[in-house]
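In: here is the input, now give the coordinates:
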Amino acid sequence: MQRRNLIIAAVAALILGQGWSASADAPKAASLVSVIVDVSEVPDLKEWGEKAKTLAETWYPKIVDDLKTDGYIPPAKVTIAFKAKMDGVAGTSGDHIAVSARWVREHPDDFGMVIHELTHVVQSYPKYRPSWVVEGIADYIRYYRYEPESPKRKFDPKHANYRRGYQPAAAFLVWLDETKRKGIIGELNQALRDGTCTEKTIETLTGKPVNQLWPEFVETREKKASSSEAPKGGGVRTSSILGNIGQAPDFSLTDSSGRPFALTSLRGKAALVSFVFTTCNGSCPATTHNLYRVQETLKGARLWGEKVEFVSISLDPARDTPEVLTNYAGFYKADPAAWHFLTGTPSEVAKVVSAWGMWAKPSPSGALDHPSRIFLVDPQGREREIYSLEYLKPEMVLQDVKTVLAEGPST
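Out: Down below sits the predicted model:
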C-alpha cells in the first residue's frame, strides 16, 4: 500500500504538470465545474479519487474549449464514482463517470482514462454514432492533448484499425486533420453535436470515402516504419490475439421460459452478451437482426450451440416479461436452443446493467436511451471484445470466436 501511494503521488505530480499549472489554474478551473468523487464503496481509493478530482477540475475547461460549439453549454457537474464490483475500466453516462476500483488498484498510474471519460461528459452527443469517431475524439484529447508522450497511444496499423481500437481512430483523425482538411476534428465534433455526423460527412469534407482514406493512412505509417519511426506495441489487439478486458460479471436472471439462467452455465463455451428491450425503436432491432446474421454464420461454421451461445438481457424488465421476450425472439428468428433472452426484477436487472458498465435512461422523447454494446466472453468467462452495432459483422465475430475457442486456459 505504501508503495502504491508513492506511485500515485509521483504520477499526480507529473499529470498535473502537463499543459496547465495545477496551482495557478485549478482554483479558476474548479469554479467552472463541480466535481463530486464517490469512494463510498472503496474508501481506500480516497487519495486517488482526490487526485482525479483535481485533474478533472483542471482539465475540464480545456476540454470544453477544445470541443466548444456555438450555443452548447456543457454539464456544470461531474460525478466520478468508484465501483467495487465493476469489471473493465470505466464508463460514462451523461455527467456520471463510473470507474472500476480493481482497474485503479492494478493500474494506479492510469489517470489518462479519467481524461478520456471526462471528454465523453463534455461531448454529450445526442447519438453515439459513428462510435469510432466519438471514441477517436476522446482518445485524441487523451493522447494528443493530455499525454502525447504516452507509449499507450502507439499501435501497429497492420494489425489494428479505426473500427477496432480507440488509439487507431484517434491517430486516423489526427492524420486527416494534418493531411486532408485542417480543422476536420472540430467539424466532426460539430456534426456529432448536431446529430448529423456519418461516415459520409468525412467523405464530403475530404473528397474521399473512409474505406479509401484508411489504406492511405496505413501506407503513410508503413513508410515511417521503413524509416525506423514505426510505433511498437501499444495495447491494441492484433488479428490473432484478443485483449483480456477482465472477468465478465456473473449474474442469475430469468429466461424466456421462466427458468433461472446464470452466465456461469456457459463456462467452457464462447458467449455474446447484449442488452436490448422489446419496445426499442432505436438500435435494438438492428442489434438483434445483426446477431441473427451472426447466429446463421456460426451455424454454417458448425459452432452454434455446441461452442457458442448468445445472451440478450432486457433493459426494460417491467415490460419485458418471459412471454414478451419469447414473442420478440420468435420475430427475429432467434434459435432458442442457444439464444437466451433474460429478464428479472428491476433491481436485479439494474445490478447486472451496472456491473457490465451499461446504462439506460429516459430520453427527452420518453424512450430509453442506451449504448449499443455486444460483449464477447471467452470459455474461461473473460470479456475479450466489445462490439458496437456498426462493427458487429458476422465474419469479424466468427474470426474472434474461433480465436478464443482455439486458445488454451492460460491465455
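In: and the helix or strand containing I80, which strands flank it?
Out: Element membership for I80 (DSSP states H and E) is strand 77-83. Strand pairing for strand 77-83, using DSSP bridges, gives strand 34-38 (parallel), strand 96-100 (parallel).
In: touching it from outside, list them.
Out: Contact partners of strand 77-83, identified using CB atoms under 8 Å, 6 or more residues apart in numbering, comprise 33-39, 41-42, 45, 49, 52-53, 56, 60, 95-101, 104, 114, 118, 121, 354. For every residue, glycine as well, the C-beta is placed using N, CA and C.
In: remind me, longest helix of the protein?
Out: helix 46-66 (DSSP state H).
In: buried ones in that helix, by neighbour count?
Out: Of the residues in helix 46-66, 48-49, 51-64, 66 count as buried by neighbour count, 16 or more other CB atoms under 10 Å.
In: give me the helices and strands touching it, please.
Out: helix 2-15, helix 22-30, strand 34-38, strand 77-83, helix 112-123 (3 or more CB pairs under 8 Å, 6 or more residues apart in numbering; DSSP states H and E).
In: roughly how far out does it sit from the chain middle?
Out: A distance of 20 Å separates the centroid of the chain from that of helix 46-66, by CA atoms, centre = their mean, to the nearest Å.
In: what angle separates it from strand 77-83?
Out: Interaxial angle of helix 46-66 relative to strand 77-83 (axes from the mean of the first three to the mean of the last three CA atoms, to 10 degrees): 140 degrees.
In: re the thing from before, quick one: residues in contact with the helix or strand following the strand holding I80.
Out: Note on strand 77-83: by DSSP H and E, the next helix or strand toward the C-terminus is strand 90-93. Under the criterion CB under 8 Å, 6+ apart, residues 97-100, 103, 113-114, 116-117, 120-121, 357-359, 361 lie in contact with strand 90-93.
In: ditto for stretch 262-274
Out: Against stretch 262-274 from outside (CB under 8 Å, 6+ apart): 248-252, 287-288, 291, 294, 306-313, 356, 373-381, 397, 401, 404-405.
In: mind checking pLDDT for G305?
Out: The score at G305 is 96. That number is its pLDDT.
In: tell me the contacts of it?
Out: Contacts of G305 by CB under 8 Å, 6+ apart are 335, 337-338.
In: just the buried residues from the residues you listed, in ChimeraX please.
Out: Buried residues among these (16+ other CB under 10 Å), as a ChimeraX selection:
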select :335,338
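In: share the number of residues neighbouring Q295, please.
Out: By the criterion of other CB atoms under 10 Å, Q295 has 23 neighbours.
In: and the helix or strand hosting it, what does it pack onto?
Out: Using DSSP H and E, Q295 falls within helix 284-300. Secondary-structure packing of helix 284-300 (3+ CB pairs under 8 Å, 6+ apart): strand 270-276, strand 308-314, helix 394-406.
In: mind doing that once more with 6 Å?
Out: strand 270-276, helix 394-406 (3 or more CB pairs under 6 Å, 6 or more residues apart in numbering; DSSP states H and E).
In: what is the mean pLDDT for the first one?
Out: If I follow you right, that is strand 270-276. Taken as a whole, strand 270-276 carries a mean pLDDT of 96.
In: can you check the longest one too?
Out: Per-residue pLDDT over helix 394-406 has a mean of 92.
In: tell me the buried residues in it?
Out: Judged by neighbour count (16+ other CB under 10 Å), helix 394-406 contains these buried residues: 394, 397-398, 400-404.
In: wait, which of the residues you listed is closest to P126?
Out: V397 (28.0 Å; CB to CB).
In: helix 112-123 and the strand holding I80, what's the angle between them?
Out: Going by the same axes, to 10 degrees, strand 77-83 makes 140 degrees with helix 112-123.
In: output strand 77-83 as PDB, nothing but the C-alphas.
Out: Only the C-alpha atoms of strand 77-83 are listed here, as PDB (Å, rounded to 0.1, in the frame of the first residue of the first chain):
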ATOM      1  CA  LYS A  77     -21.400  19.000 -12.600                       C
ATOM      2  CA  VAL A  78     -19.400  15.800 -12.900                       C
ATOM      3  CA  THR A  79     -19.600  12.800 -10.600                       C
ATOM      4  CA  ILE A  80     -16.800  10.200 -10.500                       C
ATOM      5  CA  ALA A  81     -17.900   7.100  -8.700                       C
ATOM      6  CA  PHE A  82     -15.600   4.200  -7.900                       C
ATOM      7  CA  LYS A  83     -17.200   0.800  -8.200                       C
END
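In: show me the strands in the stretch 151-300 of the chain, by range?
Out: 246-247, 252-255, 260-262, 270-276 (DSSP state E, counting those that start in this stretch).
In: out of those strands, which is the most enclosed?
Out: The highest mean neighbour count among these, using mean count of other CB atoms under 10 Å, belongs to strand 270-276: a mean of 24.
In: all helices for the stretch 151-300 of the chain, in order.
Out: In the stretch 151-300 of the chain, the helices defined using DSSP state H, counting those that start in this stretch lie at 166-179, 184-194, 199-206, 210-226, 284-300.
In: could you dump those into a markdown table and include mean pLDDT and distance to R267?
Out: Output for these, formatted as a markdown table (pLDDT from 0 to 100; distance: least, CB to CB, whole Å):
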| stretch | mean pLDDT | distance to R267 |
| --- | --- | --- |
| helix 166-179 | 92 | 30 |
| helix 184-194 | 96 | 40 |
| helix 199-206 | 96 | 38 |
| helix 210-226 | 81 | 38 |
| helix 284-300 | 95 | 18 |
